[in-house]
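Asks: sequence first, predicted model second:
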Amino acid sequence: MTDRPRKGTVAAPGSPDFALHTLGWRAFQDLCAAVLREVWAQSVHTFADSNDGGRDGAFYGTWQQPPDPIGVQDIPDGPFVLQCKHTKKADTTLTPSELSDEFTKAQALVDQGLCGSYVLLTNARVSGTSGATIRQRLLDAGVRYPLILDGQWICDTIASRQRLRTFVPRVYGLGDLSQILDERAYTQAQYLLSYLREELATFVVTDAYRRAAQAVQQHGFVLLLGEPAVGKSVIAATLAMTALDAWGCLTVNPHDATELVRHWNPNEPNQFFWIDDAFGAVRHEPQLTDSWARHMRQIMTAVHGGAKIVLTSRDYIYRDARPHLKEYAYPLLHEQQVVVDVAQLPLEERRQILYNHISLGDQPTEVRGKMKPHLEEAAAQNPFHPEVARRLGRQAFTRHLKPSKHGITDFMRRPTAFLRDLYTELGPDEKAALALTYQSGEFLPAPLALDAAQQDVIIRLGSSPAGIDRALNALTGTFLRFSSSPGNETTTGWSFRHPTLQEGFAELLAANPNLLGIFLSGLPLEEMLTKLDCGSEKQRGTLVKVPPTLHHFVAKRLQELEPRKRKDHWEDFLWCNFFTTRCSDAFLKQYTETDPSFVPNMMNFGIYLGSDRKPEVLARLHQADLISEDEHEEIVQTLTEYAVSVPDAGWVDTPHWNIILSQEEREGILKEVRKELLSPTSTLLWDWRINRYGNREITPEEYYAPLRESLETYRDSLANQPEIAEEFSRLLAEMEELIEDEKSEADEEQESKPRPNTPSADHIPTNQANPGAIYHRSIFDDIDD
């Protein structure tokens, strides 16, 4: 039985081949500089192309012989010159005649004492005869040590050095992964590439990527924040591919915290979890946030045990989610070093992103030539969205675009207008295919098994099953993505390629009452809670807005989701969030009349008064004057009981309870709290200690954190009564003594248990060749070659 190949070795027969010709001249030059730094362990400085004097890079000082020089031996002391020759033609051979100018420049550098050793790197082939001629010409020019490294040498180097691939992760999308990854990693990489192939081919190593990689390595966790379409998901997925190769991690792409915990294996500490849109795709989905809050103990245990976790979120969604994530339960979210805002892209990084998308898109050479004079200004537009740059490189999104300065810059600034026009002009088959994908939620499984509601949508839009099949294939790669289902690699199907494309289609539905009626008639009831807006003016993230004429229809459909029929906790959250954030007063009145049990069901709230969503619905109903006096009195009585008996102080500083309670009612509840908790006969700490014996798997700090928070909140709220505040401080001090006693007991127990070994990760390269340089030769110079 043969051994499986180790990481960093060629696992498939034959020499590796990366499509280096698809790189631009600037990206290839940066790759060559990375080779010199990361593989040869030398420092390097790169020069602007227009005034480099024949040097794309230079090394000064004493050459330090690297431990594994890969064919480079006994290079004399500097100065050392690096010259890169890139061609966009595949399978071409470099000839000496193409280097005539370089030979002249080399002699001038020698005369100035700036060139002792000369290394020529090219992505082309170099024949034996040509190589000998080039070396002799350089020797004749006075170069003491000429070295020629061709495209195959670069490909071999990439295949054998995973650290280099970490620095330039887009190479994962340029070659055959079976030649650089072992069997287990290769299988997972194939799944990732179904999502990532084009993204990797156009990926640019940004400062956000480098900081995210460092955070994952140092903390085991990173949260990528940013506006829509700025590249959060691509960075996360690229980190997953890098972790697979560089760190040997098993990668998992769960949908939410529940799936993460289900897939976490304590006996496999080297796992990498990548969760896109952790708190909602286009708007805050409270059930997802609640899932993170409820599972945080297990998740932090996984991180401490060696697992690595990457989350992405739109910034405005995270702002909505953050109040529901307790700091004591989720400390990493509050450490600035693991929160990376990917929207801060320097101009040079913008240029490279735009170059890659135009170069590797499907725009004809003639169109790219017309775009070229205006691309520098296009990259400077604010805001700059990498997803919009991708669309500029695709004919499907630019049918009516004039490749002029105004046309291109306007496209970059206002992509939604172009997208709306584009959706409007699609044929019936394409609209029906997108409608089915939207209607399915996050994923339309393949092969299609059309139910009655889906068939009705197809008929009403004037399409057919055969037309749908054709349209789904035609839209894949532009509007849609065909890949494995999140959390189930054996199921394949279609989803919107980017959330902004899904949002744009929602705008099309909302603008056409006929399409909206079709959409509502077949929409699953759970999807109604996440996609509809019945009069709210505060929601960000495009929803399908339901006109008042259809409110009665929606209310009747929603009644079928009354509480005893809802399946689990997250459906409760969906239900409450809908009525809290997406309904006008008129719709709420319509619904309470349609479902008389609605208000009593919302009054059946529980503890965790600061995070339970039912009181938020009650506050919204209170604002709409839909709560009776008797109902209000019962709500206050229930709240008082929880505030004292738990004790739960989540109501004190929570906005929705401030809406429900009058000042007199708040003072009455605080009076009851003082009376019960500060009584000499109070058994509060004793009760908590007794209950602790049923929760020994968590630390004393974690167990008593809710009690500490409640007592501190009550103390602070009574700061204007110093004697009472001092009594709460005394109670807190007693609790801290209790915690210390239990921590000592826990430490003694822990010392007898073996600790898991966390494998070390390779160093993440953080340097990049002169990222702030100003280049006189435009990066777009060869965009139309």
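Replies: Thanks, I have it.
Asks: which helix or strand in the chain has the lowest average pLDDT?
Replies: When the helices and strands of the chain are compared on mean pLDDT, DSSP states H and E, strand 57-59 comes out lowest with a mean of 46.
Asks: right, and the helix or strand after that strand?
Replies: strand 80-85 (DSSP states H and E).
Asks: so for that next one, mean pLDDT?
Replies: Regarding strand 80-85, the rounded mean pLDDT is 85.
Asks: repeat that for stretch 128-138.
Replies: Rounded mean pLDDT across stretch 128-138 is 93.
Asks: which residues are contacting that stretch?
Replies: The contact list for stretch 128-138 (CB atoms under 8 Å, 6 or more residues apart in numbering) reads 93, 94, 95, 96, 99, 103, 106, 118, 120, 126, 146, 148. From N, CA and C alone the C-beta is placed, and that goes for glycine too.
Asks: in strands only, show me these.
Replies: Those of the contacts of stretch 128-138 mapping onto strands are 118, 120, 146, 148, per DSSP state E.
Asks: reformat the residues you listed as a markdown table; add neighbour count.
Replies: Shown next, in a markdown table, are those (neighbours: other CB atoms under 10 Å):
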| residue | neighbour count |
| --- | --- |
| 118 | 27 |
| 120 | 25 |
| 146 | 18 |
| 148 | 18 |
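Asks: and of the residues you listed, the nearest to residue 530?
Replies: Lowest distance from residue 530 to these (CB to CB) belongs to residue 120, with 57.6 Å.
Asks: strand partners (parallel or antiparallel) of the longest strand belonging to the chain?
Replies: In the chain, taking DSSP E as the definition, the longest strand is strand 488-496. According to DSSP bridges, strand 488-496 forms sheet pairs with strand 444-445 (antiparallel), strand 480-485 (antiparallel).
Asks: tell me the helix or strand right after the shortest one.
Replies: Translated: strand 444-445. Immediately after strand 444-445, counting by DSSP H and E, sits helix 452-460.
Asks: what residues of the very next helix or strand once past that following helix count as buried?
Replies: Remark: after helix 452-460, the chain's next helix or strand is helix 465-475, criterion DSSP H and E. Under the neighbour-count criterion of 16 or more other CB atoms under 10 Å, helix 465-475 has 467, 468, 471, 472, 474, 475 buried.
Asks: gap between the nearest residue to the fourth one once chain neighbours are set aside and residue 558?
Replies: The shortest distance from residue 472 to any residue other than its chain neighbours is 5.0 Å, reached at residue 433 (CB to CB, 6 or more residues apart in numbering). The spacing between residue 433 and residue 558, counted by CB to CB, to the nearest Å, is 28 Å.
Asks: higher neighbour count, the two?
Replies: residue 433 (30 against 22; other CB atoms under 10 Å).
Asks: tell me how far the more buried one lies from residue 275.
Replies: Using CB to CB, residue 433 is found at 28 Å from residue 275.
Asks: what does residue 307 give?
Replies: Taken as CB to CB, the span from residue 307 to residue 275 is 12 Å.
Asks: of the two, which one has the most company?
Replies: residue 307 (26 against 23).
Asks: nearest spatial neighbour of the more buried one, chain-adjacent residues omitted?
Replies: residue 271 (4.7 Å).
Asks: name all residues that make contact with that neighbour.
Replies: The contact partners of residue 271, by CB under 8 Å, 6+ apart, come to 249, 250, 251, 252, 263, 264, 265, 302, 306, 307, 308.
Asks: which phi and psi does it have?
Replies: Main-chain dihedrals, residue 271, degrees, to the nearest 10: phi -110, psi 150.
Asks: what pLDDT does the model give it?
Replies: pLDDT at residue 271 comes out at 86.
Asks: quick check: bridge partners of it?
Replies: Beta-bridge partners, per DSSP bridges, of residue 271: residue 250.
Asks: ok so, going back, which one of the ones in strands among the contacts of stretch 128-138 sits closest to residue 22?
Replies: After measuring the ones in strands among the contacts of stretch 128-138 against residue 22 - CB to CB - the closest member comes out as residue 120, at 20.9 Å.
Asks: could you measure from residue 141 over to residue 285?
Replies: Distance from residue 141 to residue 285, by CB to CB: 66 Å.
Asks: so between these two, which is more surrounded?
Replies: Between residue 141 and residue 285, counted using other CB under 10 Å, the more crowded position is residue 285 (25 against 20).
Asks: excluding chain neighbours, what is closest to residue 636?
Replies: Leaving aside its chain neighbours, residue 636 sits nearest to residue 665 (5.6 Å; criterion: CB to CB, 6+ apart).
Asks: next, the buried residues of the helix or strand containing the one you found.
Replies: Element membership of residue 665, judged by DSSP H and E, is helix 663-677. Residues of helix 663-677 classed as buried: 665, 666, 669, 670, 673, 674, 677 (neighbour count, 16+ other CB under 10 Å).
Asks: report the contact partners of the fifth one.
Replies: Translated: residue 673. 643, 644, 647, 714.
Asks: repeat that for the third one.
Replies: Under the criterion of CB under 8 Å, 6+ apart, the contact partners of residue 669 comprise 636, 639, 640, 643, 651, 661.
Asks: mind listing the strands for the stretch 651-785 of the chain?
Replies: With strands called from DSSP state E, counting those that start in this stretch, the stretch 651-785 of the chain shows none.
Asks: for it, just list every one of the helices.
Replies: With helices called from DSSP state H, counting those that start in this stretch, the stretch 651-785 of the chain shows them at 655-660, 663-677, 684-692, 700-717, 722-751.
Asks: so for residue 602, which of these sits nearest?
Replies: Closest approach to residue 602 among those is made by helix 655-660 (11.5 Å; CB to CB).
Asks: for that closest one, buried residues please.
Replies: 656, 657, 660.
Asks: so which elements touch it?
Replies: helix 614-623, helix 629-645 (3 or more CB pairs under 8 Å, 6 or more residues apart in numbering; DSSP states H and E).
Asks: swap in 6 Å and give it another go.
Replies: When contacts are defined as 3 or more CB pairs under 6 Å, 6 or more residues apart in numbering; DSSP states H and E, helix 655-660 sits against helix 614-623.
Asks: kindly export the helix it packs on (C-alpha atoms) in CSV.
Replies: The C-alpha trace of helix 614-623 is given here as CSV (Å, rounded to 0.1, in the frame of the first residue of the first chain):
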residue,chain,number,x,y,z
LYS,A,614,-42.6,38.8,21.9
PRO,A,615,-42.4,41.9,24.1
GLU,A,616,-41.0,43.8,21.0
VAL,A,617,-44.2,42.8,19.2
LEU,A,618,-46.2,44.0,22.3
ALA,A,619,-44.4,47.3,22.1
ARG,A,620,-45.3,47.7,18.5
LEU,A,621,-48.9,46.8,19.2
HIS,A,622,-48.9,49.4,22.1
GLN,A,623,-47.7,52.1,19.6
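Asks: list the contacts of it.
Replies: 576, 579, 580, 602, 605, 627, 656, 659, 660 (CB atoms under 6 Å, 6 or more residues apart in numbering).
Asks: hmm, residue 407 and residue 401 touching each other?
Replies: Yes: between residue 401 and residue 407 there is a contact at 5.4 Å, judged by CB atoms under 6 Å.
Asks: sorry, back to before: now the helix holding residue 665 and helix 722-751, what's the angle there?
Replies: 60 degrees (axes from the mean of the first three to the mean of the last three CA atoms, to 10 degrees).
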